[in-house]
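1. got a structure for you, letters missing:
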């Protein structure tokens, strides 16, 4: 594995967990009052597009990073919808 690959995977890992603090905070507080649903919908669609692009290039850094981001964006959308209607 080259140093560029290592850097790519490290950057991808950091990027993939960008939403993790917000997911944890929302999950623990059971409040999504100040969360923008539109931002996470845009992020969700964006991650789908990046995943397709990653598969087209057969680039595992892009695929793995955006698969994790897609999961977290989807989870935040679910939390927002759940906690907005309580």
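-> Received it, and whenever you're ready, just let me know what you need. No experiment lies behind these values; they were computed from the predicted model shown.
2. Could I get the full set of helices for this protein?
-> Here the chain has its helices, by DSSP state H, at 3-16, 20-29, 37-57, 60-84.
3. Please identify the most buried of the ones you listed.
-> Mean neighbours per residue, mean count of other C-beta atoms under 10 Å, is largest over the helices of the chain for helix 60-84, with a mean of 18. Placement of C-beta: from N, CA and C, glycine included.
4. Adding mean pLDDT, write the helices of the chain out as CSV.
-> Converted to CSV, those look like this (pLDDT from 0 to 100):
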stretch, mean pLDDT
helix 3-16, 90
helix 20-29, 93
helix 37-57, 96
helix 60-84, 94
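5. for the spatially closest residue to residue 8 that is not a sequence neighbour, what are its contacts?
-> Counting by C-beta to C-beta, 6 or more residues apart in numbering, the nearest residue to residue 8 once its immediate chain neighbours are dropped is residue 61, at 4.3 Å. Neighbouring residues of residue 61 by C-beta atoms under 8 Å, 6 or more residues apart in numbering: 5, 8-9, 11-12, 54.
6. Also residue 15?
-> By C-beta under 8 Å, 6+ apart, the residues touching residue 15 are 65, 69.
7. how much space between it and residue 34?
-> 23 Å (C-beta to C-beta, to the nearest Å).
8. Can you tell me the closest non-neighbouring residue to the most centrally placed residue in the chain?
-> The centre of the chain sits closest to residue 69, judged by C-alpha atoms, centre = their mean, with a distance of 1.9 Å. Closest residue to residue 69 apart from its sequence neighbours, by C-beta to C-beta, 6+ apart: residue 47 at 4.7 Å.
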